[in-house]
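**Student:** Pasting a predicted model and its sequence here:
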Amino acid sequence: MSEEALRKIALSVRNWGKWGPDDELGTLNYITPERIAAAARLATTGKVFALGIPLDRNGPQSGTRQRFNPIHTMFRDGGDAPRTPEDVKAAEGYGGSDDWIVMPLQCVTQWDSLAHIFYEGRMYNGYDARLVTSSGAAKNSIFKTKDKLVGRGVLLDVARHKGVRALEPGYAITVDDLEATAAAEKVEVLPGDLLLVRTGHMSRYLDKGDWKHFDLDPFPGVSIHTAPWMHAKQIAAIGTDNYAVEVRPSEIPGFRNPFHVVAIANMGLTLGEIFFLEELAADCAADGRCAFLLVAPPLPVARAVGTPINPYAIK
């Protein structure tokens with residue numbers, strides 16, 4: 001791979017202007033009311049799988065790019081409860097507790113917005129990167145997706161298809177891998193789908209009960225060469241159980257996240273990272289149903305470029 005090859009792929013999948021000059025949703029436009037209604041009919045047993053990891057200080061961040069793990073604490077707790085009759089009266093008859101959390105918005109299970117990545121000074125749909133300022137994103141904010149991230153979810157468990165608990169670190173998932181997995185699962189990837197890809201990377205850290213180096217170690221992920229396939233399939237979004245959707249080390253030395261550049265900035269594809277897929281994958285393997293209703297709304301943070309989420313896969 002070279003930077004020239006990256007640019008060629010980027011231009012081949014570029015969706016700028018496809019949904020008009022003012023579009024800020026990109027491939028989420030593929031999710032239509034009809035497709036949502038069809039996805040809702042997949043919820044037949046009432047089984048719910050939460051795909052978000054815990055928000056706590058022992059999370060997956062090592063401090064790379066100034067991302068730290070969630071810091072949760074109390075500012076009112078049981079020690080503050082009123083004890084004397086006078087205190088109870090002053091507290092209007094009862095005690096209570098309150099807490100707060102401090103965290104980067106992209107430190108746990110999360111969606112990247114289309115304002116997250118720039119390429120040649122532009123973000124998705126040609127908007128100037130300078131529209132993202134210290135006060136947030138004036139265009140392509142995650143807030144614009146507040147009622148869009150629901151639809152038919154499809155799990156492609158590539159690791160299970162290849163007969164391993166986890167793909168090898170640095171393994172680049174190919175189009176052949178995706179298609180072979182779909183064929184083995186007897187599921188078809190359709191326009192408007194929210195595609196989930198299990199690499200098994202997270203299972204290594206869950207097995208040892210330690211997130212250390214989850215974000216720093218090499219990991220399996222999708223190859224940049226899968227982008228034209230996703231473009232042709234017209235998927236709405238993709239989420240994975242690794243740190244960055246794409247494979248690492250990067251397929252282009254010196255270029256940190258080439259798939260991000262192609263997918264987010266050019267295709268307008270929403271990316272989801274650090275998805276917990278273990279329980280869902282086990283159930284899909286057990287019942288043979290790899291398509292389901294996926295409900296994954298962002299937090300409606302105005303002007304934000306990413307958001308933590310706790311998606312629900314409902315079968």
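**Tutor:** That came through fine. Residues are numbered from 1 along each chain as shown.
**Student:** On the pLDDT front, check the nearest residue to Asp98 once chain neighbours are set aside for me.
**Tutor:** The shortest distance from Asp98 to any non-neighbouring residue, by C-beta to C-beta, 6 or more residues apart in numbering, is to Arg76 (4.3 Å). From N, CA and C alone the C-beta is placed, and that goes for glycine too. Predicted confidence (pLDDT) for Arg76: 87.
**Student:** likewise Lys89?
**Tutor:** 83.
**Student:** give me phi/psi at it?
**Tutor:** Dihedral angles of Lys89 (phi, psi; degrees, to the nearest 10) stand at phi -60, psi -40.
**Student:** Distance of it relative to Pro82?
**Tutor:** For Lys89, the distance to Pro82 equals 8 Å [C-beta to C-beta, to the nearest Å].
**Student:** of the two, who's got more company?
**Tutor:** The neighbour count for Lys89 versus Pro82, taken as other C-beta atoms under 10 Å, is higher for Pro82 (16 against 10).
**Student:** Spit out the residues that contact Lys89 and Pro82 alike.
**Tutor:** In terms of C-beta atoms under 8 Å, 6 or more residues apart in numbering, Lys89 and Pro82 are not both contacted by any residue.
**Student:** re earlier: what's the local residue count around the residue nearest to Asp98?
**Tutor:** By other C-beta under 10 Å, neighbour count at Arg76 equals 12.
**Student:** That one reaches Trp100, doesn't it?
**Tutor:** No - Arg76 lies out of contact with Trp100 (C-beta atoms under 8 Å); the separation is 10.0 Å.
**Student:** what's the distance between the residue lying closest to Gly268 once chain neighbours are set aside and Gly93?
**Tutor:** Distance criterion C-beta to C-beta, 6+ apart; nearest residue to Gly268, sequence neighbours excluded, is Gly26 at 2.2 Å. Using C-beta to C-beta, we find Gly26 at a distance of 52 Å from Gly93.
**Student:** hmm, back to that, what's the spacing between the residue nearest to Gly268 and Met103?
**Tutor:** In terms of C-beta to C-beta, Gly26 sits 26 Å off from Met103.
**Student:** Comparing these two, which residue is more hemmed in?
**Tutor:** Ranked by neighbour count (other C-beta under 10 Å), Gly26 and Met103 place Gly26 first, with 28 against 19.
**Student:** Check what pLDDT the more buried one gets.
**Tutor:** In this model, Gly26 carries a pLDDT of 98.
**Student:** Next up, the contacts around it.
**Tutor:** Contacts here follow C-beta under 8 Å, 6+ apart; on that basis Gly26 touches Asn15, Trp19, Leu114, Tyr124, Asn125, Met267, Gly268, Leu269, Thr270.
**Student:** switch the cut-off to 10 Å
**Tutor:** By C-beta atoms under 10 Å, 6 or more residues apart in numbering, the contact set of Gly26 is 15-16, 18-19, 113-114, 124-125, 140, 144-145, 236-237, 263-270.
**Student:** Distance of it relative to Met123?
**Tutor:** Gly26 sits at a distance of 10 Å from Met123 (criterion: C-beta to C-beta).
**Student:** Now the common contact residues for those two.
**Tutor:** Counting by C-beta under 10 Å, 6+ apart, the shared contacts of Gly26 and Met123 are Ser113, Leu114, Asn140, Ile264, Ala265, Asn266, Gly268.
**Student:** Please enumerate the helices of the stretch 201-315 of the chain.
**Tutor:** Ranges of helices in the stretch 201-315 of the chain, per DSSP state H, counting those that start in this stretch, are 201-208, 227-233, 258-260, 278-287.
**Student:** Please name whichever of those helices is nearest to Gln66.
**Tutor:** Among those, the nearest to Gln66 by C-beta to C-beta is helix 258-260 (17.4 Å).
**Student:** so Leu6 makes contact with Tyr119?
**Tutor:** Yes - between Leu6 and Tyr119 there is a contact under C-beta atoms under 10 Å: 9.3 Å.
**Student:** What mean pLDDT does stretch 203-217 get?
**Tutor:** Mean pLDDT, computed over stretch 203-217, is 96.
**Student:** now do stretch 156-165
**Tutor:** The average pLDDT within stretch 156-165 is 98.
**Student:** what does stretch 225-233 give?
**Tutor:** Averaged across stretch 225-233, the pLDDT comes to 98.
**Student:** mind listing what's buried in that stretch?
**Tutor:** With burial defined by 16 or more other C-beta atoms under 10 Å, the residues of stretch 225-233 counted as buried are His225, Thr226, Ala227, Trp229, Met230, His231, Lys233.
**Student:** Likewise for stretch 185-196?
**Tutor:** Glu185, Val187, Val189, Leu190, Gly192, Asp193, Leu194, Leu195, Leu196.
**Student:** Can you give me the end-to-end span of stretch 88-105?
**Tutor:** Using C-alpha to C-alpha, to the nearest Å, the end-to-end distance of stretch 88-105 comes out at 38 Å.
**Student:** Stretch 205-218 now?
**Tutor:** For stretch 205-218, the separation between the terminal residues is 13 Å (C-alpha to C-alpha).
**Student:** Repeat that for stretch 238-256.
**Tutor:** End-to-end distance (C-alpha to C-alpha), stretch 238-256: 19 Å.
**Student:** No further queries at this time; thank you.
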